[in-house]
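Q: sharing a model that was predicted from the sequence below.
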Amino acid sequence: MLPAEADSLTEQFFEFLSVEKNVSPRTLANYERALETFRQWPGEDFTHWNDCTADHFRAYLFHCMKRELARSTIRLHFSALRSFYKYLVSRHGLPGSPVAEVQLPKLERQLPVVLTLRQIEQLLDLPSQIPREKQAPVWLPLRDTAILELFYSTGLRLAELAALGVRDLDGLSDTLRVMGKGSKERLVPIGSYAMKAIEAYRQAARITEGALFLSKLRKRLSTRSINTLLKKYLAHSDIPFNVTPHKLRHSFATHLLEGGANLRDIQELLGHADISTTQIYAHIDTKYLKEVHRTYHPRG
């Protein structure tokens, strides 16, 4: 049976998290579950939290991996254990944390879902093919085409596109001034299709200043409304998965890479502060190149 003192340590830890750290109830529940799972793992062999060594936690890690737990789950368990032992060191005089010595497996990096060129073309054509609602302005389909074209042409984030103003658009150089994360400004080139779509929309809607993309009431279009219109067109397509603005961003980057652009250029276009964020597309490129090799090489 677990000593009362050991039980008291976890109770004090959870009180510390709740009162001093103000963690969410969900995090608290996850941490409680993680500590209890570890405590029950060796059964009767568990004596006291202070008696646990790095070897105990390495063995526990091996046990979790043998059970084929997701790496994210394993890392969550060990995050709870590390926090607990950090607390024991700082508040209860434990000499050091045995969990700190354990090297965890890296998270699996999920490759982003991207649309094929055929799927992109189908999506971009939909605003002009679907009958317009009776009370909708004549320029509404043109606006939606411009939005979709601009997403795919520039790889903008949803919030970046929604925040655009007419003054951010430079028709002479076919570029867009974008305010990205961390208030970092960048210039993004606009493709000819997107530029023509924007010009057609602006002319029809008579937009000369203020917000670039307007609602039916001629107010700035919200991010929520942009998501809604994307879902509307998706429902009329045969694309077999949910399409979000971020998937259009991934598609933009992937198609650029497949066309020969390098990662540094894509990093600038996407507004990534760190090249490591962009490097996920290198994995997609490798997969694409393997497919090209298999299809076209005489001994592929």
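A: Yes, it's here. Numbering: from 1, shown residues only.

Q: buried residues in stretch 245-257?
A: By 16 or more other C-beta atoms under 10 Å, the buried positions in stretch 245-257 come out as Pro245, Lys247, Leu248, Arg249, His250, Ser251, Phe252, Ala253, Thr254, His255, Leu256, Leu257. C-betas here are computed from N, CA, C, even on glycine.

Q: can you tell me how far the first one sits from Asn50?
A: Computed with C-beta to C-beta, to the nearest Å, the distance linking Pro245 and Asn50 is 51 Å.

Q: returning to what we had before: how about the buried residues of stretch 245-257 in CSV, adding pLDDT, secondary structure and distance to Arg91?
A: Shown next, in CSV, are those (pLDDT from 0 to 100; DSSP: H, G, I helix; E, B strand; the rest coil; distance: C-beta to C-beta, whole Å):
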residue, pLDDT, secondary structure, distance to Arg91
Pro245, 90, helix, 45
Lys247, 89, helix, 46
Leu248, 91, helix, 49
Arg249, 87, helix, 45
His250, 87, helix, 45
Ser251, 88, helix, 50
Phe252, 87, helix, 50
Ala253, 85, helix, 46
Thr254, 84, helix, 49
His255, 85, helix, 53
Leu256, 85, helix, 52
Leu257, 79, helix, 50
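
Q: quick check: of the residues you listed, which lies closest to Arg224?
A: Nearest to Arg224 out of the buried residues of stretch 245-257 is Pro245 (C-beta to C-beta; 11.6 Å).

Q: can you tell me the closest non-neighbouring residue to that closest one?
A: Closest residue in space to Pro245, ignoring its immediate chain neighbours: Leu158 at 4.1 Å, by C-beta to C-beta, 6 or more residues apart in numbering.

Q: what's the pLDDT at that neighbour?
A: Looking at Leu158, its pLDDT reads 93.

Q: give the burial count for it, as a bare number.
A: 18 (other C-beta atoms under 10 Å).

Q: do the same with the one 4 residues further on
A: Around Ala162 sit 21 other residues, with neighbours defined as other C-beta under 10 Å.

Q: correct me, but it touches Ser222?
A: Yes. Using C-beta atoms under 8 Å, Ala162 makes contact with Ser222 at a distance of 6.5 Å.

Q: quick one: distance of stretch 25-38 to the chain centre.
A: Relative to its parent chain, stretch 25-38 has a centroid offset of 25 Å by C-alpha atoms, centre = their mean, to the nearest Å.

Q: got the contact list for it?
A: 10, 14, 17-18, 23, 60, 76-77, 79-81, 83-84 (C-beta atoms under 8 Å, 6 or more residues apart in numbering).
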